[in-house]
Each structure stands twice: as structure tokens, then as C-alpha cells.
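Visitor: just need the structure, nothing else, for what follows:
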Amino acid sequence: MDYNTFYNHSIENSEKFWTEQANQIEWYANPNTILAKDENDYPIWYPDGELNLCYLALDKHIQDGYGDAIAMIYDSPVTQTVKKYTFQQIKEHVAKLAGGLQSLGLKKGDTAVIYMPMIPEATFAMLACARIGVTHSVVFGGFAPHELAIRIDDCKPRVVITASSGIEVDRLIAYKPLVDEAFELANHRPKKVVVLNRKLGARVPFKKYDVDYEALVYGSEEASCVALPATHPSYVLYTSGTTGKPKGIVRDTGGYAVALKYAMTCIYDAKPGEVFWAASDVGWVVGHSFITYGPLINRNTTVVFEGKPIKTPDASTFWRVIAKHKVSIMFTAPTAIRAIKKEDPNGDFIKQYDLSSLRIQFLAGERCDVATLEWYQQHIPIPAIDHWWQTESGWPMIANMMGIETLPIKAGSAGKAVAGYDIRIFDESGEEVAAETEGYVVIKLPLPPGTLMDIWNDNARFQAGYLAKFPGYYFSGDGGYKDQEGYIYITGRVDDVINVAGHRLSTAEMEEIVASHSAVAECAVIGIEDALKGQIPLALVVTKSGETIEKFQLEHEVVKLVREKIGAVASLRTVLVVDRLPKTRSGKILRKLLRNIADGVDFQIPSTIDDPAIIEEVAYNFKINKIGVFNR
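Guide: Numbering: from 1, shown residues only. This next block holds a predicted model:
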């Protein structure tokens with residue numbers, strides 16, 4: 001079937017289409033109702049179906065005779081470890097871990113937080129929770145105790161599962177002290193902390209609430225899969241919001257399983273048995289959908305990679321992994337390719353490896369610039385597919401659907417709407433705009449299966465943030481436009497969330513931290529273009545009257561504050577001290593104007609500006625400090 005026919009069928013015969021997709025997975029109880037609405041009048045899928053994600057990922061394949069097939073390859077250049085696991089081996093480990101969690105009192109409907117590095121046990125913990133109906137929330141291991149504490153207070157886990165350490169390029173990060181500090185900061189206190197000791201030399205302070213991971217697994221009986229309603233919340237994943245308070249995106253079970261099977265086959269064109277590598281982290285949505293659940297449900301071998309695209313040990317790492325493990329389909333962020341390109345501009349490392357197994361390269365997490373796309377295709381002449389989605393969607397919304405029809409690639413575009421998503425471009429009044437006209441990217445309800453159900457314990461925020469602006473449509477928070485052929489171009493966020501190397505971070509939260517410094521009177525944090533990370537934060541501060549702190553000292557202290565509160569992922573390194581900030585007459589800081597000046601984008605001075613002369617001041621300040629476009 002060609003793309004247009006397939007897409008039109010998904011929109012015009014939505015329930016029939018999603019019935020067909022639901023038939024591609026195995027249910028304990030097949031759904032009779034395909035689409036309904038919840039108590040808040042929001043669409044839900046397969047409400048009377050029952051199934052289990054862990055069963056689909058592991059047990060089903062064993063029953064089908066694939067128990068000895070390789071399900072996972074763990075490749076860790078930072079510990080110089082490569083290990084392979086069969087479906088049978090993972091199932092036995094996961095079932096015992098699930099039994100151990102039950103022995104700690106966890107049951108269907110409880111929550112657990114997973115705070116682990118990129119190791120197989122992180123995925124095992126996710127699968128063990130799914131096996132017994134415990135809603136998991138994975139927190140990225142790079143987040144500081146403050147951020148972990150916020151998430152603990154929001155989802156109120158009975159148990160936290162962690163490891164002794166994570167490893168960065170040049171250092172060991174002890175996780176257990178961070179967890180203990182988060183416990184001191186949090187109002188909610190989980191009952192137990194399950195600790196995997198990696199025995200790499202990190203400090204592991206013992207507390208009365210600690211449980212040894214290995215003893216728990218090997219001392220427990222295997223737990224069976226629990227039949228769960230399709231609407232059961234499989235996990236909560238936190239993403240930055242404009243208020244600074246993270247939003248707990250709630251994912252269902254049934255719609256998610258259907259969507260992932262569909263995405264693996266129709267978007268990624270992954271054949272069962274092939275090696276699929278998403279070079280991401282389990283702390284992000286990619287790690288949930290396309291490291292853990294998606295590939296395993298589709299009976300692909302998934303790669304769990306603990307390392308970086310460069311410096312572990314060099315820019316050849318990705319190509320070594322592809323060649324060594326015969327990867328067929330890879331998924332990474334454009335940031336990673338840019339980092340490799342910077343270290344190896346002529347692609348000399350690429351020429352040293354046999355990459356003939358690689359069929360398709362997918363890119364997402366941020367917009368892929370044309371230069372990066374062209375560099376990749378120059379050195380690896382296979383389809384390099386940019387595509388667009390969000391934590392909220394859980395799987396791609398815009399893509400070149402490689403399993404249906406390979407459409408021409410247009411550099412700068414994320415492709416066309418994925419079948420199932422009715423994507424429109426609206427103006428401020430909610431009217432659809434003409435082709436080539438930029439506006440708000442919205443999706444007509446109902447969203448397809450597997451997308452967000454709600455915000456954890458905050459339906460009012462869910463309604464206000466996603467549904468209220470354009471009734472009957474999901475508001476993505478991104479701007480963009482369609483061309484005459486239906487290709488969609490995403491131009492970036494329209495709120496105060498920035499994308500740093502694929503990590504969505506709230507500038508409002510950073511501003512709150514910067515403003516907490518005793519020398520700061522007011523501040524603004526904006527995201528400016530960066531050749532490597534896509535965007536990086538820049539802080540502009542006005543110091544208090546009479547303040548004598550040296551600029552370099554203030555910068556050092558503010559950067560340290562942000563690192564302590566958010567983590568190194570924030571990448572704030574530059575703090576500019578200014579006499580004043582551009583504002584409207586009502587006192588609103590003109591952040592978009594600041595971004596445009598820094599990025600060298602054409603702008604109009606708003607008629608509401610308090611003092612137009614400040615524009616020249618800002619531009620001069622950026623120029624002498626070599627900020628943004630003035631650094632090129």
C-alpha cells in the first residue's frame with residue numbers, strides 16, 4: 001500500500017484502522033470497544049482489552065520458540081564490557097526481580113522510581129514493574145537530587161531502584177549518595193531502596209531502607225505476568241514545563257503496545273530478528289519506546305549502549321558498534337552526529353568499518369540541520385530519516401514511513417504526518433493556514449493509541465496545557481509549516497522550553513535558580529543556537545544595586561547553582577551581567593527578542609517595548625562577549 005492510501009485510511013476509517021493494528025499483538029482479552037472517552041471526556045483506546053507489556057516483550061517469544069534468540073546486546077565502552085542476553089535469560093531475571101518487588105509489598109497500582117545508568121538492569125527493572133502492574137517512573141541518572149526529589153514527591157513511589165554508580169567520560173558518579181540526599185529533600189519517603197552494586201569503586205553508604213539488588217533477585221521466586229486493563233498506566237515520565245514544575249506524562253498499556261508494534265514495522269521497517277539500536281537513554285522517552293519495549297515486542301535484538309558518540313574512546317565508537325553487532329537500523333539525535341562530524345570531519349573513522357548491515361539511519365530529538373544530514377549521507381549513503389515526536393506522543397508523529405513507502409527526503413523537513421495523526425497548522429485564532437505559512441502545530445483529536453493519557457495527578461494542567469488553546473485539538477507547543485506536498489517543517493518551541501542536545505529543559509526553572517543567587521536582582525534565561533547541541537541556555541542577570549561581586553565570580557556561582565539543582569545536562573556556562581533587560585511597558589521580559597538578536601534572526605521591535613534603545617545595548621553586549629551569531 002502506498003503512503004497516501006494508507007494515511008487516508010487511517011484518518012477516514014480510524015477505528016477500523018486501529019482495530020487492524022490491535023490484531024497485530026496478542027491480548028489476554030481482545031478489546032470489543034476500540035474507542036471511548038474517560039470521565040473527563042478525553043478519548044481512550046481499547047478500554048475493555050487486557051494484556052501485559054512484559055509478556056509481549058519476553059514470554060510470547062519464548063512460547064513461540066525464540067527463547068534462545070539474542071534479545072539484548074549490552075555494549076559499554078566505558079567499562080569495556082560486551083554482554084549478550086537471550087529472551088529466556090532476561091525473562092528469568094525479570095520474573096525473579098518482579099517476585100522480589102512483590103516480596104517488598106509492591107502490587108498492581110503501586111509506583112516505583114528507577115534511577116539507573118544505561119545498563120541492562122535498568123530495562124530489567126522496567127520490565128519487572130510492567131510484569132506485575134507497578135507503574136514505573138524512570139528518572140535520568142544525570143539529574144540532581146533536587147530534581148529526583150520533585151519526582152518522588154509527585155509520583156510517591158513505594159520503592160526506588162538504583163545502582164551504585166553511573167560513568168561519564170572522565171568520572172564515576174556515585175548514585176546512592178544522590179538518592180539519599182533526594183530522600184532528605186523529599187516530603188514523601190519510599191519504603192525501600194533497591195541498590196545494584198556495580199563494584200566499580202563508587203561510595204555506597206548503607207541505610208536501613210536499603211535492599212541488595214542481587215540478593216533480591218536470586219532469593220525470589222519467579223512472578224507471573226499480571227493481566228492488566230489496556231488503560232492501566234504503564235509508566236509516568238517527567239518532561240519540563242514552562243512553570244518549572246516537571247509534568248508527569250502518563251502512558252497507557254494497551255494503546256502503547258499497539259502503537260509500538262505499528263511504529264516498529266510501519267515507520268522503522270524493522271524485521272523480527274534484526275538488530276535495532278536506539279542510542280539514547282532509558283531516562284528519556286526514546287529509551288522507553290525504542291530501547292526497551294518497542295524492539296522487544298517486535299522481536300528485535302535491542303542494543304543497550306553505555307557510552308558517548310565521542311571520547312569513549314573516540315569518534316569511531318558508533319561505527320564500531322554497528323559493525324560489531326551487525327546493526328540494521330539505528331536511531332540517534334543529530335547532536336551525536338554533529339559531535340562525530342566535529343571530531344572526524346572527513347569521515348576517516350567511517351572508512352575503517354564494514355557498515356553494510358546498516359539499512360536506515362533515523363534522527364530525532366531536535367531538528368536536524370541540512371549540513372549534518374548532507375555530511376552523513378556523503379559518508380554513509382543510506383536513507384537518513386529525520387522525524388519528529390515528543391515525550392507526550394510516545395512514538396513518532398511526523399516521519400518518512402519506511403515500512404509503507406520510501407518518500408523523497410527533503411532536508412529540513414521531518415517528513416509527512418504519520419498515519420493516524422491528523423496534523424494541522426493553525427494561526428492564533430485557530431484557523432488553518434495556507435501552505436508555506438508558519439503557525440502552531442496541532443493534531444486533531446482523538447490522538448492515536450499510545451499517546452499521553454493525562455498528567456499524573458493534575459488533569460487541570462493537562463487540559464490547560466494541551467487541550468484548551470484549540471478545543472478539539474492537541475496543542476504540541478511547537479511551531480511549523482507545511483509545504484505544497486504536505487511535508488512538515490518544525491521551526492521550534494513557542495514556549496519557554498529549550499532543547500539542549502535532545503533534552504527538554506525549562507528556562508523558567510533555570511531562571512528561578514539563577515534568581516535565587518543573593519547578588520541577582522532579576523534575570524532572563526534564553527536558549528540560543530549552538531552548532532553542537534542545537535540550543536544552549538544563556539543567562540542575563542541584573543545585579544542588585546550596590547552589589548560588588550566580580551562578574552567572573554558571579555558566573556561561576558550561578559553555573560554551579562544550576563548544575564546542583566538541575567544537573568550537568570542543563571549546560572549553562574555563560575552568564576552575562578547587564579544593566580537592564582528589554583521589557584514591555586507592562587514589565588514582561590522580551591525573551592523572544594533576546595533569542596532573535598543572539599541567533600541573528602530578523603525581528604520586529606514590538607510597539608509595546610518600554611525603551612527601544614535597549615536593542616542596541618543588547619546587540620552590543622552580545623557582540624563584545626561573542627554570544628550567538630557574533631561568535632560565528
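
Visitor: need the strands for the stretch 301-450 of the chain, in chain order.
Guide: Taking DSSP state E, counting those that start in this stretch, the strands of the stretch 301-450 of the chain run over residues 301-305, 327-332, 360-363, 384-386, 398-399, 416-417, 423-426, 439-444.

Visitor: quick one, which of these is nearest to residue 564?
Guide: Of all the strands of the stretch 301-450 of the chain, it is strand 301-305 that lies closest to residue 564, at 27.9 Å by CB to CB. No exception for glycine: its C-beta is placed from N, CA and C like everyone else's.

Visitor: returning to what we had before: let's have the strands of the stretch 301-450 of the chain in a markdown table, adding distance to residue 13.
Guide: Shown next, in a markdown table, are these (distance: least, CB to CB, whole Å):
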| stretch | distance to residue 13 |
| --- | --- |
| strand 301-305 | 33 |
| strand 327-332 | 29 |
| strand 360-363 | 28 |
| strand 384-386 | 27 |
| strand 398-399 | 21 |
| strand 416-417 | 16 |
| strand 423-426 | 18 |
| strand 439-444 | 15 |
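
Visitor: could I get those in CSV, plus columns for mean neighbour count and distance to residue 591?
Guide: Formatted as CSV, the strands of the stretch 301-450 of the chain follow (neighbours: other CB atoms under 10 Å; distance: least, CB to CB, whole Å):
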stretch, mean neighbour count, distance to residue 591
strand 301-305, 24, 36
strand 327-332, 23, 30
strand 360-363, 21, 28
strand 384-386, 25, 27
strand 398-399, 26, 26
strand 416-417, 23, 30
strand 423-426, 20, 22
strand 439-444, 21, 18
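
Visitor: quick check: phi and psi on the closest residue to residue 196 other than its chain neighbours?
Guide: Closest residue in space to residue 196, ignoring its immediate chain neighbours: residue 213 at 3.8 Å, by CB to CB, 6 or more residues apart in numbering. Residue 213 adopts backbone torsions of phi -60, psi -50, taken as degrees, to the nearest 10.

Visitor: does residue 213 touch residue 197 like I think?
Guide: Yes: counting by CB atoms under 8 Å, residue 197 is a contact partner of residue 213 at 7.3 Å.

Visitor: neighbour count winner among the two?
Guide: Between residue 213 and residue 197, residue 213 has the larger neighbour count (other CB atoms under 10 Å), namely 24 against 14.

Visitor: for that one, give me the pLDDT.
Guide: Note on residue 213: pLDDT of 98.

Visitor: same check on residue 560?
Guide: Taking residue 560 on its own, its pLDDT is 94.

Visitor: how near is it to residue 62?
Guide: According to CB to CB, to the nearest Å, residue 560 and residue 62 sit 50 Å apart.

Visitor: between the two, which is the more surrounded one?
Guide: Taking other CB under 10 Å, residue 560 and residue 62 do not tie; residue 62 has more neighbours (19 against 12).

Visitor: part of a helix, is the more buried one?
Guide: Yes: under DSSP: H, G, I helix; E, B strand; the rest coil, residue 62 falls within a helix.

Visitor: so residue 287 sits right up against residue 139, yeah?
Guide: No: Residue 287 is beyond contact range of residue 139, at 11.7 Å (criterion: CB under 8 Å).

Visitor: list the contacts for the residue nearest to residue 196?
Guide: Residue 213 is in contact with 121, 161, 163, 194-197, counting by CB atoms under 8 Å, 6 or more residues apart in numbering.

Visitor: nearest to residue 470, of those?
Guide: Taking CB to CB as the measure, residue 161 is the one of these closest to residue 470, at 39.4 Å.

Visitor: show me what the helix or strand harbouring the closest one is packed against.
Guide: Applying DSSP states H and E as the criterion places residue 161 in strand 159-163. Secondary-structure packing of strand 159-163 (3 or more CB pairs under 8 Å, 6 or more residues apart in numbering; DSSP states H and E): strand 111-115, helix 120-132, helix 175-185, strand 192-196.

Visitor: distance from whichever helix or strand comes after that strand to the middle of the chain?
Guide: Note on strand 159-163: by DSSP H and E, the next helix or strand toward the C-terminus is strand 165-167. Relative to its chain's centre, strand 165-167 lies at 20 Å (CA atoms, centre = their mean, to the nearest Å).
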